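[1] build me a model:
(chains A and B)
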Amino acid sequence: SQQGEEDPQALSIQEGENATMNCSYKTSINNLQWYRQNSGRGLVHLILIRSNEREKHSGRLRVTLDTSKKSSSLLITASRAADTASYFCATVAPAGKSTFGDGTTLTVKP
Amino acid sequence: DTEVTQTPKHLVMGMTNKKSLKCEQHMGHRAMYWYKQKAKKPPELMFVYSYEKLSINESVPSRFSPECPNSSLLNLHLHALQPEDSALYLCASSQVSRGPDQPQHFGDGTRLSIL
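    Presented below is the predicted three-dimensional model:
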């Protein structure tokens, strides 16, 4: 299986609801990052959480990291139609190589 | 607008053609990356340059040849590509630090189609 697996693969919610995406990984990491990709565009960095951190906030984003379970979650609160995008977690190994998860496609309906 | 500029945005080429993809950034980043992304899949790392030297080559076929002529530019030279090489090619850059904890800044990619 690929490092950085995400679930769900697709998520559809109404505007104003919260969206939660999960990421699991297999090997040791230095940090875990979340990116957003709008259709036809490049990836945009959202937030980075280091291996010694458990939770991090940035605006409407909340990321948690559980290194014992090798998992992370991204919560987007009070979602907006503009949040519609694909979301990827990326694990960065000590050697510096980043590996992206399969991604979650989020659709926020107005 | 992104701070990493990739040209061209679209490229259609035959299997015998030679073409190049270009990437430019002026953020002072000394690490630059090439990724390949197929539809509905995550980006896959191809190459990493650090201080203009190739530091990671993810066993990419030799028909892809990267080049980093200076700290702002990254090229990907293409020759004798196969139809399965059709994909979105993304360039990214980041600062270099002791640990790999720098976010990457991506361009919007070149959509490549091989006939």
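[2] going forward, measure contacts between C-alpha atoms and count neighbours the same way
    OK.
[3] which non-adjacent residue is nearest the residue in chain A that chain B sits nearest to?
    Going by C-alpha to the nearest C-alpha, chain B is nearest to A:G42 of chain A, at 4.0 Å. Closest residue in space to A:G42, ignoring its immediate chain neighbours: B:D108 at 4.0 Å, by C-alpha to C-alpha, 6 or more residues apart in numbering or on different chains.
[4] so which strand or helix has the one you found?
    Using DSSP states H and E, no element contains B:D108; it sits outside every helix and strand.
[5] roughly how far apart are it and A:L75?
    Note on B:D108: its distance to A:L75, by C-alpha to C-alpha, to the nearest Å, is 25 Å.
[6] who has more neighbours out of those two?
    Set B:D108 next to A:L75 and count neighbours by other C-alpha atoms under 10 Å in any protein chain shown: B:D108 wins out with 25 against 17.
[7] surely A:W34 is in contact with A:C89?
    Yes. Applying C-alpha atoms under 8 Å, one finds A:W34 in contact with A:C89, separated by 4.4 Å.
[8] looking at those two, which is more packed in?
    Taking other C-alpha under 10 Å, A:W34 and A:C89 do not tie; A:C89 has more neighbours (34 against 25).
[9] what about that one, which helix or strand?
    strand A:85-92.
[10] so after that strand, what's the next helix or strand?
    Following strand A:85-92 in sequence, per DSSP H and E, is strand A:98-100.
[11] other residues contacting that next one?
    A:Q3, A:G4, A:F88, A:C89, A:A90, A:T91, A:V92, B:P42, B:P43, B:E44, B:L45 (C-alpha atoms under 8 Å, 6 or more residues apart in numbering or on different chains).
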